[in-house]
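Enquirer: Make a model of this:
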Amino acid sequence: MTRLSSLPTALQQAIRQGRALKVIAGLDNFDAVRVQRVVRAAAAGGADLVDLACDPTLVRLAVALAPGLPVCVSAVDPLLFPAAVEAGAAMVEIGNYDSFYPQGRVFGAAEVLELTRRTKALLPETVLSVTVPHTLPLDGQERLAVELVAAGADLIQTEGGTSARPLSPGALGLIEKAAPTLAAAHAISRAVAVPVLCASGLSAVTVPMALAAGAAGVGVGSAVNRLDDELAMVAVVRALREALPLASMVQNEQTR
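Expert: The predicted model follows:
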């Protein structure tokens, strides 16, 4: 029995079937009003998981607003995780580094690996997802993912949207935006035996590509959390949700 079996059944099934949808409120988003909108939109739109900043108050808020929606908390300080898990978080994540890059803060492989080991020492029975920094070369991302799994990571998440420089409008631009994280998902999913979540820079156009690349699910942040209108947020989440079943069917056909 793996630690993933401790997750809610619906989330386990979504990961196993390759159709998991995580909505990310933002590692640096501690605004309760904004977080409430994201949580409500995620629940109404059919997301399987919501990812919040690592704050017990936000976790309790999300659990109260959407009791059936599992909560993941993200941080780069392992000492923050236990209180959030006690408040009701179903899993923890080292990552969502995007807010640090504008400050010039870059996470190397050795640091991410050490954060993983420290987190497992604190919470050996809690499901742990770790984001592989897109600032590493693709082969370096692959090597780090293998090391992270050996250190106890239960899921690996990719990123890359902040490094993409799309040049084209429309659907082509959306594909260009997603290219780095799609490439990482393709490489890493073939190197590790744990589920891979593809995140950063995705849209309804590119989430099917993420699953075709080998991801067990996707994480979407700014496409939802940057919006001010909650109805628009719900519409985006629903569009993402509707894109995933088709991608899952295609993936299943490819593996037959």
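
Enquirer: Every contact and neighbour count from this point should use C-alpha atoms.
Expert: Noted.

Enquirer: and R241, what element?
Expert: Element membership of R241 [criterion: DSSP states H and E] is helix 230-255.

Enquirer: quick one, strands of the stretch 101-250 of the chain?
Expert: Ranges of strands in the stretch 101-250 of the chain, per DSSP state E, counting those that start in this stretch, are 127-131, 155-158, 196-199, 217-220.

Enquirer: how about a markdown table for the ones you listed, with distance to V234 and mean pLDDT added?
Expert: Shown next, in a markdown table, are the strands of the stretch 101-250 of the chain (distance: least, Cα to Cα, whole Å; pLDDT from 0 to 100):
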| stretch | distance to V234 | mean pLDDT |
| --- | --- | --- |
| strand 127-131 | 25 | 98 |
| strand 155-158 | 24 | 97 |
| strand 196-199 | 19 | 96 |
| strand 217-220 | 13 | 96 |
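
Enquirer: a markdown table for the ones you listed, including distance to I15 and mean neighbour count?
Expert: As requested, these are exported to a markdown table (distance: least, Cα to Cα, whole Å; neighbours: other Cα atoms under 10 Å):
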| stretch | distance to I15 | mean neighbour count |
| --- | --- | --- |
| strand 127-131 | 13 | 25 |
| strand 155-158 | 10 | 27 |
| strand 196-199 | 9 | 32 |
| strand 217-220 | 6 | 26 |
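
Enquirer: what would the ones you listed look like in CSV with distance to L138?
Expert: Shown next, in CSV, are the strands of the stretch 101-250 of the chain (distance: least, Cα to Cα, whole Å):
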stretch, distance to L138
strand 127-131, 14
strand 155-158, 11
strand 196-199, 14
strand 217-220, 19
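
Enquirer: Minimum distance to D228: which of these has it?
Expert: strand 217-220 (16.0 Å; Cα to Cα).

Enquirer: Where does pLDDT dip in the stretch 101-250 of the chain?
Expert: 161-164, 245-250 (pLDDT under 70).

Enquirer: could you redo the last one with a cut-off of 80?
Expert: Along the stretch 101-250 of the chain, the model assigns pLDDT under 80 to residues 161-167, 245-250.

Enquirer: list the buried ones in stretch 138-154?
Expert: 138, 141-149, 152-154 (16 or more other Cα atoms under 10 Å).

Enquirer: quick one: which of these is nearest V205?
Expert: L138 (23.2 Å).

Enquirer: just to revisit the earlier point, widest-spaced pair of the buried residues of stretch 138-154?
Expert: L138 and G152 (21.3 Å).

Enquirer: Out of the buried residues of stretch 138-154, which comes closest to V218?
Expert: D154 (15.5 Å).

Enquirer: With I188 as the reference, measure out to that closest one.
Expert: Distance of D154 to I188, given as Cα to Cα, to the nearest Å: 14 Å.

Enquirer: before we move on, what about Y97?
Expert: 18 Å.

Enquirer: the more surrounded of these two?
Expert: For Y97 and I188, the more surrounded residue by other Cα atoms under 10 Å is I188, and the numbers stand at 29 against 23.

Enquirer: Not counting its neighbours along the chain, what's nearest the more buried one?
Expert: Using Cα to Cα, 6 or more residues apart in numbering and skipping the chain neighbours, the partner closest in space to I188 is E142 (5.1 Å).

Enquirer: List the contacts of the residue positioned nearest the centre of the chain.
Expert: With distances taken as Cα atoms, centre = their mean, the residue of the chain nearest its centroid is G219 (4.0 Å). By Cα atoms under 8 Å, 6 or more residues apart in numbering, the contact set of G219 is 21-24, 197-200, 202.

Enquirer: If anything else comes up later, I'll come back, but that's it for now.
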